[in-house]
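Q: Compute the structure for the input listed below.
(2 chains)
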There are 2 protein chains.
Amino acid sequence: MKKSVYSVAVVGATGLVGAEIVSVLEERRFPIADLQLYASHRSAGDEVRCGELTARVDLLERARFEGTDLAFFAAGEEVSAEWVERATQAGTVVIDTSQLLADEADVPLIVPEVNTADLGSYADRLVVVSPDAPVVALAAVLKPLHEAAGVTRVVCSSFEPVTHAGRAGVDELQRQTVELMNGRSVENDLFAHRIAFNVLPQIGELLAGGASRGERQVAAALRRLLADPSLPVSITRSYVPVFYGAALSVNVETAAKVTAAHAREMLRTAPGVLLQDDASSPQYPTPAEVVAQDATLVGRVRDDEWGNVLDMWMAIDNIRRGAAVNAVQIAELLIRDYL
Amino acid sequence: MKKSVYSVAVVGATGLVGAEIVSVLEERRFPIADLQLYASHRSAGDEVRCGELTARVDLLERARFEGTDLAFFAAGEEVSAEWVERATQAGTVVIDTSQLLADEADVPLIVPEVNTADLGSYADRLVVVSPDAPVVALAAVLKPLHEAAGVTRVVCSSFEPVTHAGRAGVDELQRQTVELMNGRSVENDLFAHRIAFNVLPQIGELLAGGASRGERQVAAALRRLLADPSLPVSITRSYVPVFYGAALSVNVETAAKVTAAHAREMLRTAPGVLLQDDASSPQYPTPAEVVAQDATLVGRVRDDEWGNVLDMWMAIDNIRRGAAVNAVQIAELLIRDYL
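A: Model (predicted):
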């Protein structure tokens, strides 16, 4: 018999993404019977409210996952590497916001507006991956173009905020900004170079061949989401000195010609996408303005000067839409159709 | 008879670019007989040293340019629109760092490492344009690739500092940063949106069709510099919250295959280019690290996953290499070959 309420866990519950997942569960009235929150020593013992429930944050080491229906993982790849399998062995379905398992063919990678049909394979390993924010944005915006005209090439540069690296990223940008504004020298702790008033073209380690791990992951994930394993995707990912909200500069080539006017028309009704491309202000989305939005914003949609090419600009709240909302939407689909 | 010393003027002498031009003239021991410095009311009367000369900044309204051999213009398009022709009518050769005349076919647009041969046409209108920093970087790096393998497509996203908008840009980023770090709300004055901890995908007004004026100018200028009027150039230019130093994420397609290893080899000896692409630190250039460098730095040169495509990352000191050094190099060529 189908359950009406569920036992839910959040691993990394006090991190940026984990805390946002708890908020989104509350906002969207996810049917929670009981809520287990796990974190490290730093925040174990804290009390967290979620709707009418109050849960005390427990040490992850004490997690057993017995009877837990769904566990959100939001504590990074190392924690996922150690704990995801323990959860699934207890029969818990895991929604992982880390990209640890994003390349595994038997683990579905889901953006609900794009590929809900792929969710059924969650049953193979009891894991679903919620992809990285740039993938959520690119997949939602490019899906309708791909269906209408066949995307044949994507060239993208990302402008990503320090929250991609969690609270430690926030701390480093804040500290370095204050130090520089006071004329003091800065030290790099988390990032390989200064991030305050600078741009770092590296997200994830650099691999043989020169791409970063984060770049490889986005390209591979986008191909999976658009169900086009040979789609050429060129991406350069960079950190910019921004706290929240990512932007993407995207150049798209299609098999059939799509004018900018036609693309705007399609994007106006695309699920999970909000077109912000008026002649009036704001003419285009920016990271600051996308924060707290549940859609990927898109603007500056324009015809390139040659060929079947469009240029556009996207912005996404990396923590909320790019992680927490996407993960909770996956959970909603799981309980609607499977659990 | 060829002169051995020259009468030189700098219009906008106390702005970021103008002051840097004065410094570079001194460093490179440009043979100056007398130096006229012009600015607005704000800084008229200031004394400025240049080597053994001391010059008092005069009001631009008082400029006559009689007997002036060379005038550097570094006060923006409006000032150039009003004053360049007055200078050339007095027989002065103008080197304009504004892009007012960049599209005029009878005005040469020069990056000394790239197209010195085009300089002779300065004589038509007595004006030479020193192009915008992204053009200086792209032209210097792509020239050897174009000669070796035929560049057939360029897709570029820029990360540009507020100094592109002069001292007013510095003031706005500084003020907004301090306000936000103190939890206060901010107002936008110079830029259409908040720039602190944000990204603005607009440099110059947005034109019909959706490209910005700054994007059109870079594409057109790059085609001129590479002497390839039909080269497809897609560019999105953005301001990032950085004071000095621009970065460019560039995707290049060539007619013949160029491996990343071969491209690095070519760039190692390209004039005006410094390859910074070691496995050791610093692995790639950043805006903070390019400041005060006279070359365009290039790194993260890598083979794309498909086709004759390379990805790379460039950084350029927009005020120094991208404007002042380029302008003074043009002056050096003018006096060597023509004046």
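Q: only C-alpha atoms for contact and neighbour calcs from this point on.
A: Noted.
Q: Is the residue of chain A positioned farthest from its centre in a helix, a strand, or coil?
A: Farthest-out residue of chain A from its mean C-alpha position, per Cα atoms, centre = their mean: A:Gly183, at 35.6 Å. Three-state assignment for A:Gly183 (DSSP: H, G, I helix; E, B strand; the rest coil): coil.
Q: got a pLDDT number for it?
A: If you check A:Gly183, the pLDDT there is 92.
Q: For the stretch 201-339 of chain A, just list every one of the helices.
A: In the stretch 201-339 of chain A, the helices defined using DSSP state H, counting those that start in this stretch lie at A:213-225, A:260-268, A:287-290, A:326-337.
Q: Return the most buried member of those.
A: Neighbour counts (mean count of other Cα atoms under 10 Å in any protein chain shown) averaged over each of the helices of the stretch 201-339 of chain A peak at helix A:287-290, with a mean of 23.
Q: Show the average pLDDT along that one.
A: 96.
Q: same thing with stretch A:43-58?
A: 92.
Q: Next: stretch A:190-207.
A: pLDDT averaged over stretch A:190-207 gives 96.
Q: What parts of chain A come near chain B?
A: Contact residues, chain A versus chain B (Cα under 8 Å from any Cα of the partner chain): A:155, A:157, A:159, A:178, A:181, A:194, A:196-201, A:209-211, A:232, A:234, A:236, A:240-243, A:247, A:249, A:251, A:284, A:286-288, A:300-306, A:311, A:313.
Q: Now with 7 Å, please.
A: Contacts of chain A with chain B, taken as Cα under 7 Å from any Cα of the partner chain, map to A:157, A:197-200, A:209-210, A:232, A:234, A:236, A:241-243, A:249, A:286-288, A:300, A:302, A:304, A:306.
Q: Tell me where the model's unsure across the stretch 201-339 of chain A.
A: A:279-282 (pLDDT under 70).
Q: ok, residues contacting the longest helix out of those in chain A?
A: As assigned by DSSP state H, the longest helix anywhere in chain A is helix A:133-149. Contacts with helix A:133-149, where a contact means Cα atoms under 7 Å, 6 or more residues apart in numbering or on different chains, come from A:111, A:113-114, A:151, A:218, A:221-222, A:225-226, A:254-258, A:266-267, A:270, A:272-273, A:296, A:316, A:318, A:322-323.
Q: Just the buried subset of the residues you listed, please.
A: With burial judged by 16 or more other Cα atoms under 10 Å in any protein chain shown, the buried subset of the contacts of helix A:133-149 is A:111, A:113-114, A:151, A:218, A:221-222, A:225-226, A:254, A:256-258, A:267, A:270, A:272-273, A:296, A:316, A:318, A:322-323.
Q: In strands, which of those residues fall?
A: A:151, A:254, A:273, A:296, A:316 (DSSP state E).
Q: Tell me which two in those residues are the farthest apart.
A: Using Cα to Cα, those reach their maximum pairwise distance at A:Thr254 and A:Ile316, which is 23.3 Å.
Q: okay, stretch A:290-305 in CSV with CA atoms only?
A: Presented in CSV, the C-alpha positions along stretch A:290-305 are these (Å, rounded to 0.1, in the frame of the first residue of the first chain):
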residue,chain,number,x,y,z
VAL,A,290,18.3,35.2,-9.7
VAL,A,291,18.7,34.4,-6.0
ALA,A,292,15.6,32.8,-4.5
GLN,A,293,14.1,32.1,-7.9
ASP,A,294,12.9,28.6,-8.6
ALA,A,295,13.4,28.9,-12.4
THR,A,296,16.5,29.2,-14.6
LEU,A,297,16.4,32.8,-16.0
VAL,A,298,17.4,33.4,-19.6
GLY,A,299,18.1,36.6,-21.5
ARG,A,300,20.2,38.2,-24.2
VAL,A,301,18.8,35.6,-26.6
ARG,A,302,20.2,36.8,-30.0
ASP,A,303,21.0,35.6,-33.5
ASP,A,304,24.6,35.1,-34.1
GLU,A,305,25.9,36.9,-37.2
